[in-house]
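S.K.: build the 3D model from these lines:
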Amino acid sequence: MKFRFPTPYTVLMGVIVFAAIATWILPAGNYSTLEYNSVSDVFEISSQNGVETMPATEVNLEELNITIGLETFTSGDISRPVSVPGTYEQVEAAPQGLIAIFMAPIKGMYAVIDIVLLVLVIGGFIGVFNNSGALDKGIAALASKLQGRESVLIILVTSLIALGGTTFGMAEETLAFYPILVPVFLAAGYDLLVPVSVIYIGSSIGTMASTVNPFATIIASNAAGINWTIGLSSRLALLVLGTMFCIGYIVRYGKKVKADPTQSLLHGLDLKSPFKHIHLNKNAEPLELKTILLLLLFGGTFVLMIIGVSQWHWWLTEMTTLFVIASILMGFLQRTGEQAFIKEFIRGAKDLLGVCFIIGIARGVTIIMNDGKISDTILYESVQIVQGMSGFAFLPALFVVFFVMGFFISSSSGLAVVSMPIMSSLSQIIGVPTEEIVNAYQFGFGLMLFITPAGLVLPSLAMVNVSYNTWLKFIWPLLLMLAALSILILWAGLLL
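M.R.: Next up, the predicted model:
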């Protein structure tokens, strides 16, 4: 019997089992954490002995070896508890058993219900729109105009999504773009790997080279006690060069597939796109006014979402509301009856139900580790590995440490607030600029985003029915190139 790579659900459950086994092997431990209480204007330090309060002053921060400025806490720039350097201690083990393994995906679904609801509503929005037929006509017209210039589409879309990643950490929002872009790239003659690469690689390289991303750069810099603009030149270098590497890699693969479809990594797998395949029509008819209005509403919804997130501090509740309103407006434009509207909305939401389950199961990995109290142990052992190295060896080693930690802690802001206070305290000891520690965190964690099952790669692949092992075959040469580029940039930041 021929081996078939397991589905994303099985892969994620395997990771949960692996994390649960780790809770039986690794010692449990915790760092004390510090949190600012704005009501009482005090710091609250939580440890195994309970909660201790102290006045919120710079002196107390210095005594705790925390380099974060007081104003960073009082302004609300850091709202999560931060780890206190030098306070790690082993605690009573909390191994996670069989029941905990099965409960983890359920708890994970509760934890990400806001993301799940957004995805379901986007599915309903797409279902209502597909019922109009406007997508077929619009994409056919666009694809016809792009004949012979398809590479421009790869360059443009990857660059724009990378821009979203570097500025505001575009991640979950990218799930909304697959129904739009997959048919375009298929109509242009590419395989399913090209659209998922353009969207997911674009988002990941942007996040990896975050410049003003508040969920990575600013939180990490604040937690390290430096201004976020310090070290910006290194991140800009990775953004420009890394995006060029990614675009070149995707364009090269896309041209090879267009020239010879048998060169596709998906050849012979008989995969079907979950979205409509639009065939080129050189003699496409002019678009009607109703179709143009539907297309403008469809595209304008995503533009408004991006503006809302980046400029108006929208998040999942506001984005979900936007797609609900847009769905209703689309129903009115189509003059769809109430029953037909509900039917198409539910049908579209059902198409993305599998993606929702993957998102929930993925969050279960973090829940198992936190409940098993090994997240801080992994951080502590990581510090022991890199402590005492020379600066030249320290930065690549730290890059690898953050790459590995990104497998276990898939939240950029979560990893920043627990690790930066600890890691930044090593900068004076080893003689490495603090901003390069922040950059090592961003580059290492960002590289893991390309492949970590606990992140968004599996939901993204599920959107196009591409398997995880196929993705790994496709992406590993690019990962090696980006890793080498990252280390060179870190060394440059140390020497210049």
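S.K.: now the helices for the stretch 301-450 of the chain?
M.R.: 316-334, 338-351, 353-371, 375-386, 391-408, 412-424, 427-430, 434-449 (DSSP state H, counting those that start in this stretch).
S.K.: break the protein into its domains for me.
M.R.: What automatic domain parsing lists as the domains of the chain is 1-31+99-496, 32-87.
S.K.: what are the contacting residues of stretch 217-230?
M.R.: 66-69, 72, 77-78, 82, 210-212, 231, 235, 412-413, 416-417, 420-421, 423-424, 434-435, 437-438, 441-442 (Cβ atoms under 8 Å, 6 or more residues apart in numbering). C-beta coordinates here come from the backbone N, C-alpha and C atoms, glycine included.
S.K.: pull the residues that contact stretch 120-135.
M.R.: 175-176, 179, 183, 276, 278, 290-291, 294-295, 298, 301, 320, 323-324, 326-327, 330-331, 333-334, 336, 340-341, 344-353, 356.
S.K.: ugh, wrong one, I meant stretch 104-119
M.R.: Residues contacting stretch 104-119 (Cβ under 8 Å, 6+ apart): 12-13, 16, 20, 96, 172, 175, 316-317, 319-320, 323, 352, 355-357, 359-368, 459.
S.K.: what about that stretch, distance to the chain center?
M.R.: Here stretch 104-119 is found 16 Å from its chain centre; the criterion is Cα atoms, centre = their mean, to the nearest Å.
S.K.: mean confidence for it?
M.R.: The average pLDDT within stretch 104-119 is 85.
S.K.: give me the buried entries from the contacts of stretch 104-119.
M.R.: With burial judged by 16 or more other Cβ atoms under 10 Å, the buried subset of the contacts of stretch 104-119 is 12-13, 16, 20, 96, 172, 175, 316, 319-320, 323, 352, 355-357, 359-368, 459.
S.K.: centroid-nearest residue for this protein?
M.R.: In the chain, the residue lying closest to the centroid (Cα atoms, centre = their mean) is Ala171, at 4.4 Å.
S.K.: so what's that one up against?
M.R.: Gly165, Ser203, Thr207, Leu456.
S.K.: quick revisit: make TSV from the helices of the stretch 301-450 of the chain and add distance to Gly50 and mean pLDDT to it.
M.R.: Listed next are those as TSV, based on distance: least, Cβ to Cβ, whole Å; pLDDT from 0 to 100:
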stretch	distance to Gly50	mean pLDDT
helix 316-334	34	86
helix 338-351	46	85
helix 353-371	20	81
helix 375-386	18	85
helix 391-408	27	88
helix 412-424	20	77
helix 427-430	31	74
helix 434-449	31	91
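S.K.: of all those, which lies closest to Ser264?
M.R.: Of all those, it is helix 353-371 that lies closest to Ser264, at 23.3 Å by Cβ to Cβ.
S.K.: so after the worst-scoring helix or strand of the chain on mean pLDDT, what's the next helix or strand?
M.R.: In the chain, no helix or strand scores lower on mean pLDDT, DSSP states H and E than helix 134-145, which sits at a mean of 64. Following helix 134-145 in sequence order, the next helix or strand is helix 150-168 (DSSP states H and E).
S.K.: OK, contacts around Ser419?
M.R.: Contacts of Ser419 by Cβ under 8 Å, 6+ apart are Ser83, Leu379, Phe402, Met405, Tyr441.
S.K.: Ser411 too?
M.R.: Thr366.
S.K.: and for Tyr249?
M.R.: Neighbour list for Tyr249: Ile201, Pro477, Leu478, Met481 [criterion: Cβ under 8 Å, 6+ apart].
S.K.: can I assume it sits in a helix?
M.R.: Yes - per DSSP: H, G, I helix; E, B strand; the rest coil, Tyr249 lies within a helix segment.
S.K.: from Leu395, how far out is it?
M.R.: 25 Å (Cβ to Cβ, to the nearest Å).
S.K.: what's the answer for Met170, then?
M.R.: Per Cβ to Cβ, Met170 is found 27 Å from Leu395.
S.K.: cool, Leu352 as well?
M.R.: 41 Å.
S.K.: repeat for Gly76
M.R.: Counting by Cβ to Cβ - Gly76 and Leu395 are separated by 31 Å.
S.K.: how about the strands in the stretch 1-150 of the chain?
M.R.: Taking DSSP state E, counting those that start in this stretch to define them, one finds strands in the stretch 1-150 of the chain at 29-30, 33-37, 42-47, 50-55, 82-83, 89-90.
S.K.: and the nearest residue to Ser382 once chain neighbours are set aside, how many neighbours?
M.R.: Leaving aside its chain neighbours, Ser382 sits nearest to Val401 (4.5 Å; criterion: Cβ to Cβ, 6 or more residues apart in numbering). Val401 is flanked by 24 other residues according to other Cβ atoms under 10 Å.
S.K.: ok, Asp260 - contacts?
M.R.: Contacts of Asp260 (Cβ under 8 Å, 6+ apart): none.
S.K.: if we go to 10 Å?
M.R.: For Asp260, the contact set (Cβ atoms under 10 Å, 6 or more residues apart in numbering) comprises His267.
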